[in-house]
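Q: Quick one, what's the 3D model for this:
(2 chains, ligands or ions: 2)
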Amino acid sequence: MIAFILRRLFAVIPVLLLVTLASFLLMRLIPGDPAMLIADISASDAEIEKIREQLGLNEPFLTQLLHWYGNLLRGDLGESYLLGRSVTQAIWERLPTTLSLTLLSFVLSTTIAVTLGVIAAVKANTWLDQFVMSFALIGVALPNFWMGLMLIILFSVHLGWLPSGGYVPLSEDFWGWLRTCTLPAISLALLQIGLLSRITRATMLEVLQQDYIRTARAKGLSKSKVVGKHALKNVLVPVITILGISFSLLISGSLVIETVFSLPGVGKLLGSAILRRDYPVIQGGLIFVAVSMIFINLLVDILYAWVDPRVRY
Amino acid sequence: MASPVIPLLEVRDLSVHFRTEGQKVTAVDRISFDLAEGEVLGIVGESGSGKSTVALALMQLIATPPGSIDAERLSFKGKDLMSMSDREMRAVRGNEISMIFQEPMSSLNPVFTIGNQLVETICEHEPLTKRQAFAKAVDLLRLVGIPDPEARVTDYPHHLSGGMRQRVMIAMALACAPKLLLADEPTTALDVTIQAQVLELLQHLQGELDMAVVLITHDLGVVAEYTHRVVVMYAGRIVEEAPVADLFAAPQHPYTELLLKSMPPLDEDLHRLLAIPGSVPSPTEMPTGCRFAPRCPYAQNICRETEPAMIRESPARAAACWRLVDYKVPA
Ligand SMILES: Nc1ncnc2c1ncn2[C@@H]1O[C@H](COP(=O)(O)OP(=O)(O)OP(=O)(O)O)[C@@H](O)[C@H]1O
Ligand SMILES: [Mg+2]
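A: Numbering: from 1, shown residues only, chains lettered A, B, ... in the order given. Ligands and ions are numbered 1, 2, ... in the order given. Sure thing, here's the model as predicted:
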């Protein structure tokens, strides 16, 4: 298993190189001169030249590239044009918010979706199945920012139960954290619940037809053991492969939801950086998103090998 | 041959229907037979004759819907299986009545170890600790002739060959020393050499544990070698029932006769039935009279019009054919 994990880690290296190379090239492809963007409108040619010198833009391409990788290895993603701090620091400060949101909605969506999918499959073709699946369809059909707005109107404006925005760090106050994260996490989770519960239901229906399920029943096991043990673990095998994609969707969804709920997360940072053409931040944000997706998929692979003994490692 | 006072298993007029897309299909139609303790009964018949369905009905494992079971009587050790609650039936399954399936490759759960699946069965029915059950699992694997059972017990099913998997299935079925074992074509999916080994093992364990066995098979060679009594099924009906020697010496039903004729010579590997001309009627288009009439070389008009009843010649011998009636009551 350890060897398998190490092998997978090594396999990640070329992907990381490609992603970072792409984001480096992206900066070179942007029309216009970064130095002009940073400089005041009234800046003289000499001043712009000085900025260009500072940014290393006058160096040969290869030197710039090596320089970029050197900085990257030290965790240096450059300076924000507008925030007056390093990109790494800006992302680092906002990371807990984004992680809170995505992890909470990941846990929510996975547990709820698997439970709903299993119930729907076990009660297939009854009113309960239809009810659960219509609910899932709503989650898929409606965009999550709209769901977010509706939740705000219902729970914040009308009922006043939960705040409509803002963020309380987990380290300060657990309940405050949970209150601020709940609505955004739910609006983000709904789509996942819709997708995952349908996949869980379909997989469960298929698994319940398998010979080993008949064997489990022939042994005299109760229905809850047959479904909860024998069927569920087999259902989780394909569901886990989807969790990687699911988490990637959560991360991209969080970019929008953070803006809807004014959560100071990486998504909001990236959103305003795009609006204000803060290229180093955009670049850093892209690398952050790409790297987290790579590592999540790595985790999923490991989890998959752990659950399914037939996977060779 | 003294027949016991109360048979271990009594089946009277068992029928199993399936309702699919508005059509009602009768997979098993009013069949009756008894089974004594320690007896080995063969059920033979072509594919689709309802053999597996009978076994699943005895286990009460027919999915309802689409299936439904009717029976005048379905009693095991004098208790009626049809009226048992789900909980009572679960205490019987895997404990007093066990089943081995046709498909060893897919009948074990791929994501749990052999040991886990064995221990689970043992713990379900016996008051043992996990550790004791585990030790018993290893013993069971040894009993069914799996080499190095201490190592195999932590294997997953995909580590084992088909023959070994079927041995594990047998170990699992025998875990709680059942009174009745339903073996549904336990060797059809295996290599010929392995087939004999597995059947020898079953025979050995049957004697050792004094179980009754229902051995379902396509293979008359297997029937001859391993069973005491045979029931021949055709299109959901029992057409003949006889002690094994009698069946081979003097089959009474034309279907049995043709089955015996189509048996390949013993020195050939090909144990499967050679084809009898024609095919089994589809369950949706059953002939009105005798179901075998369309393929029967002796068929008369009466055969096509009215279904013959089982004619019982002696307690252990019966067949459903108009020819028997003719012999008894010459026209
Ligand atoms: N779940 C089901 N739904 C609908 N029809 C079924 C179902 N199970 C069995 N049948 C029908 O019942 C009939 C008997 O099937 P069964 O599997 O008992 O035959 P078999 O004698 O065991 O055949 P084989 O030798 O191929 O195993 C077949 O016509 C089959 O189509
Ligand atoms: Mg069968």
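Q: can you pull the buried residues of the helix or strand where residue A:131 lies?
A: Assigned by DSSP states H and E, residue A:131 belongs to helix A:127-141. Neighbour-count burial for helix A:127-141, with 16 or more other CB atoms under 10 Å in any protein chain shown as criterion, is recorded at A:129, A:132-133, A:136, A:139. The way it works is simple: take the backbone N, C-alpha and C, and place the C-beta from them, glycine included.
Q: and if you look at stretch B:84-99?
A: Under 16+ other CB under 10 Å, the buried positions of stretch B:84-99 are B:84, B:89-90, B:92-99.
Q: Which one of those residues is nearest to residue A:155?
A: Comparing the buried residues of stretch B:84-99 against residue A:155 with CB to CB places residue B:90 closest, at 45.1 Å.
Q: Which helix or strand contains that closest one?
A: Mapping residue B:90 onto the secondary structure by DSSP H and E places it in helix B:86-92.
Q: Following element in sequence after that helix, please.
A: Read in the C-terminal direction, the helix or strand following helix B:86-92 is strand B:97-100, with elements assigned using DSSP H and E.
Q: Can you confirm whether that following strand lies near ligand 1?
A: No. Applying CB under 6 Å from any ligand atom, one finds strand B:97-100 out of contact with ligand 1, separated by at least 12.6 Å.
Q: quick one: stretch B:19-34 to chain centroid distance?
A: Computed by CA atoms, centre = their mean, to the nearest Å, the chain-centroid distance of stretch B:19-34 equals 17 Å.
Q: Could I get the buried residue list for it?
A: For stretch B:19-34, using 16+ other CB under 10 Å, the buried residues are B:25-34.
Q: now for the residues you listed, which pair is the farthest apart?
A: Using CB to CB, those span at most 26.8 Å, a distance reached by B:25 and B:34.
Q: just the residues of the stretch 201-313 of chain A that are near chain B, which are they?
A: On the criterion CB under 8 Å from any CB of the partner chain, chain B has as its neighbours in the stretch 201-313 of chain A the residues A:210-212, A:214-222, A:225, A:230, A:233-234, A:237, A:307-310.
Q: Buried subset of those residues, written for PyMOL?
A: Once 16+ other CB under 10 Å is used to decide burial, the buried members of these can be selected in PyMOL as follows:
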select buried, chain A and resi 210+211+212+214+215+216+217+218+219+220+221+225+230+233+234+237+308+309
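Q: host element of the spatially most central residue of chain A?
A: Central residue check for chain A by CA atoms, centre = their mean: the C-alpha nearest the mean position is that of residue A:251, 2.4 Å away. Assigned by DSSP H and E, residue A:251 belongs to helix A:232-260.
Q: next one: residue B:288
A: Secondary structure assignment for residue B:288, by DSSP H and E: no helix or strand.
Q: Model confidence score at it, please.
A: Model confidence at residue B:288, given as pLDDT, is 86.
Q: Can I get the lengthiest helix in chain B in CSV? Just the C-alpha atoms.
A: Longest among the helix segments of chain B by residue count, using DSSP state H, is helix B:192-209. What follows is helix B:192-209 as a C-alpha-only set of coordinates in CSV (Å, rounded to 0.1, in the frame of the first residue of the first chain):
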residue,chain,number,x,y,z
VAL,B,192,-14.5,-31.5,-15.4
THR,B,193,-11.7,-32.7,-13.1
ILE,B,194,-12.6,-30.2,-10.4
GLN,B,195,-16.3,-31.3,-10.8
ALA,B,196,-15.6,-34.8,-9.6
GLN,B,197,-13.5,-33.5,-6.6
VAL,B,198,-16.2,-31.2,-5.5
LEU,B,199,-18.9,-33.9,-5.8
GLU,B,200,-16.8,-36.4,-3.9
LEU,B,201,-16.3,-33.8,-1.2
LEU,B,202,-20.1,-33.2,-1.0
GLN,B,203,-20.7,-36.9,-0.8
HIS,B,204,-18.2,-37.4,1.9
LEU,B,205,-19.5,-34.5,4.0
GLN,B,206,-23.1,-35.7,3.4
GLY,B,207,-22.2,-39.0,5.0
GLU,B,208,-20.2,-37.4,7.8
LEU,B,209,-22.8,-34.9,8.8
